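Q: 3D model of this:
(2 chains)
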There are 2 protein chains.
Amino acid sequence: MIPPEVPADDRGLLLGDGLFETVLSVDGVLQAWDAHLGRMVRGCAVVGITPPDPIAARAAAERAIADAGLASGRAAVRLTLTAGVGRGLDRPAPASGRLIVQASPAPEPSSPVSLATVAIRRNETSPLARIKSLSYLDNVLARRQAREAGAEEALMLNTRGELACAAAANLFWVRDGNLHTPTLACGVLDGVVRSRLIEVARALGVETIEAAAPLQALGDVDGVFLTNSLIGVRAVGRLDGRTLPTSRLTDELSSRCS
Amino acid sequence: MIPPEVPADDRGLLLGDGLFETVLSVDGVLQAWDAHLGRMVRGCAVVGITPPDPIAARAAAERAIADAGLASGRAAVRLTLTAGVGRGLDRPAPASGRLIVQASPAPEPSSPVSLATVAIRRNETSPLARIKSLSYLDNVLARRQAREAGAEEALMLNTRGELACAAAANLFWVRDGNLHTPTLACGVLDGVVRSRLIEVARALGVETIEAAAPLQALGDVDGVFLTNSLIGVRAVGRLDGRTLPTSRLTDELSSRCS
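A: Model prediction:
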């Protein structure tokens, strides 16, 4: 169930042909497991891979945590589902997936984060922009561009020049008491924390405006933050060298969603 | 040098973080080896991976051909260079590559091919559009869309709506005695056969116009063909259900470049 090695003819390795999820474990408890597995199953339908057995996947995740000695504290559980073996663009039929599960320590994130706008854009014409696929090198290069600009994380626009996301997180901003985030059609991942945060904010009486917005929308804000499963909610302190204000709403959502 | 398995924490598997080349071998002789290795080395500079040792890479390729019993006839030699081990978007420094070399039979292509224009677009804002990276799932899905439309190969536009390439080949068309192909800035791979064909055509007195062009440019042509290292030059017989003419120039270039 947890192979330490993968055959070199696996399509995940050869062509980035597969999906992944990164699930936070706290003291051995998998956080938002159903949401993560549900997203992987939806992704399987998009790319045409047989989804994993959910009971076996959960057992493998729990075993990976135990095997890594991470039953206490924070751990990142990585589920990697490849399209199995086979060379060339056309998959052999049926494309039975290969599931690999690994656990590693997940340090507490330090806040706030600095962002730099990068040249690589999210390709909103591709279904891959909305799922977590193994073809993730654009994100690696976006992060690299951000590091070269002296920042910790990348701010990515899509090919239409609209705000999209960070290299590995969803993007939110606060203005005039409202929350804003790019709509999924902008080419952003349907983030597990993104969805939950929208619900939590609504329960607090704060609506989230999901829409397309230009980079200039971040010019006059009360606060900007990122979300993903490992960092929860993380305030953005600087964008392209400019210091951003921190909103009380960010702190409140952070305490409820992290 | 030729591991049959790869550790599951390899960045090629986890994040599509790496490059590849597919080199044709005919009767044990690697075709255009220097061009392929040179492109991989240029790609390494783009993505920040240590390039492979060229002498060791060639020896591994020749050994892979022999080990697979493919010293006579046509073989496809796949070089896969990953960014080595390491989790997360930020690579461990230095990112020492892992080279995997495999050989498999390469059947003679049958001609002509049918194309269907697909919805997924080449992201010309990404450097990955111009190199052969392991993050290749967009191409897999483009091919899948083409198959679903009843064709054998995909015709991809870029995000500006300009002609780009096939899922796994460069695109040329013939009109009024001239050759046309999208310029690299349209988000197309700097193909080994593409470059050679432009030189061969020039020697025949035919200039190649490298420019951005809309899909409509294929509406009134004398012929359309694809190029890559395994198929050489392959005529396109149908595009979106429409029968295309075959130009004598395609046949002439095919006999000189395949």
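Q: does A:L79 touch A:L30 like I think?
A: No. Counting by Cβ atoms under 8 Å, A:L79 does not reach A:L30; the two are 10.4 Å apart. The way it works is simple: take the backbone N, C-alpha and C, and place the C-beta from them, glycine included.
Q: so between the two, which is more surrounded?
A: Neighbours per residue, other Cβ atoms under 10 Å in any protein chain shown: of A:L79 and A:L30, the larger number sits with A:L79, 23 against 18.
Q: part of a strand, is that one?
A: Yes. A:L79 sits within a strand when classified using DSSP: H, G, I helix; E, B strand; the rest coil.
Q: how close does it sit to chain B?
A: A:L79 sits 11 Å away from chain B, going by Cβ to the nearest Cβ, to the nearest Å.
Q: list the beta-bridge partners for that residue.
A: Beta-bridge pairing for A:L79 (DSSP bridges): A:E21, A:V101.
Q: what sits against it?
A: By Cβ atoms under 8 Å, 6 or more residues apart in numbering or on different chains, the residues touching A:L79 are A:20-23, A:36, A:40, A:52, A:57, A:61, A:99-101.
Q: try 7 Å
A: In this structure, A:L79 makes contact with A:20-21, A:23, A:40, A:57, A:61, A:99, A:101, judged by Cβ atoms under 7 Å, 6 or more residues apart in numbering or on different chains.
Q: re the thing from before, which neighbours do A:L79 and A:L30 share?
A: With Cβ under 7 Å, 6+ apart as the test, A:L79 and A:L30 both reach A:23, A:61.
Q: near chain B, which residues of the stretch 101-250 of chain A show up?
A: Counting by Cβ under 7 Å from any Cβ of the partner chain, the stretch 101-250 of chain A comes close to chain B at A:102, A:104, A:119-121, A:123, A:125-128, A:133-141, A:143-144, A:159, A:167-168.
Q: filter those residues down to the buried ones, ChimeraX style.
A: In ChimeraX, a selection of the buried entries from those looks like this (16 or more other Cβ atoms under 10 Å in any protein chain shown):
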select /A:102,120,121,123,125,126,127,128,133,134,135,136,137,138,139,140,141,143,144,159,167,168
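Q: name the SS class of the closest residue in space to A:R147 that isn't next to it in sequence, please.
A: Excluding the flanking residues, the one nearest A:R147 by Cβ to Cβ, 6 or more residues apart in numbering or on different chains is B:D90, at 7.2 Å. The three-state label given to B:D90 by three-state DSSP is coil.
Q: I'd like the contacts of A:L79 as TSV, with distance to B:G69 and neighbour count appended.
A: Output for the contacts of A:L79, formatted as TSV (distance: Cβ to Cβ, whole Å; neighbours: other Cβ atoms under 10 Å in any protein chain shown):
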residue	distance to B:G69	neighbour count
A:F20	36	21
A:E21	40	23
A:V23	44	25
A:M40	39	23
A:A57	39	22
A:A61	42	26
A:L99	33	20
A:V101	36	27
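Q: and which of those residues is nearest A:A149?
A: A:A149 has its nearest neighbour among those in A:F20, at 26.7 Å by Cβ to Cβ.
Q: hey, where'd the strands end up in the stretch 51-200 of chain A?
A: Under the criterion DSSP state E, counting those that start in this stretch, the stretch 51-200 of chain A contains strands at A:74-82, A:98-105, A:113-117, A:153-157, A:163-166, A:170-175, A:178-182.
Q: nearest to A:F225, of the ones you listed?
A: Of all these, strand A:170-175 comes closest under Cβ to Cβ, at 5.3 Å.
Q: neighbouring strands - and their directions - for the closest one?
A: When DSSP bridges is applied, strand A:170-175 pairs with strand A:178-182 (antiparallel), strand A:223-228 (antiparallel).
Q: any buried residues in that strand, and which?
A: Neighbour counts over strand A:170-175 (16+ other Cβ under 10 Å) mark A:170-175 as buried.
Q: need the contact list for A:A129.
A: Residues in contact with A:A129 (Cβ under 7 Å, 6+ apart) are A:122-123, A:187-188.
Q: confirm for me that A:A142 is in contact with A:M156.
A: Yes. Here A:A142 reaches A:M156: they are 5.6 Å apart, a contact under Cβ atoms under 7 Å.
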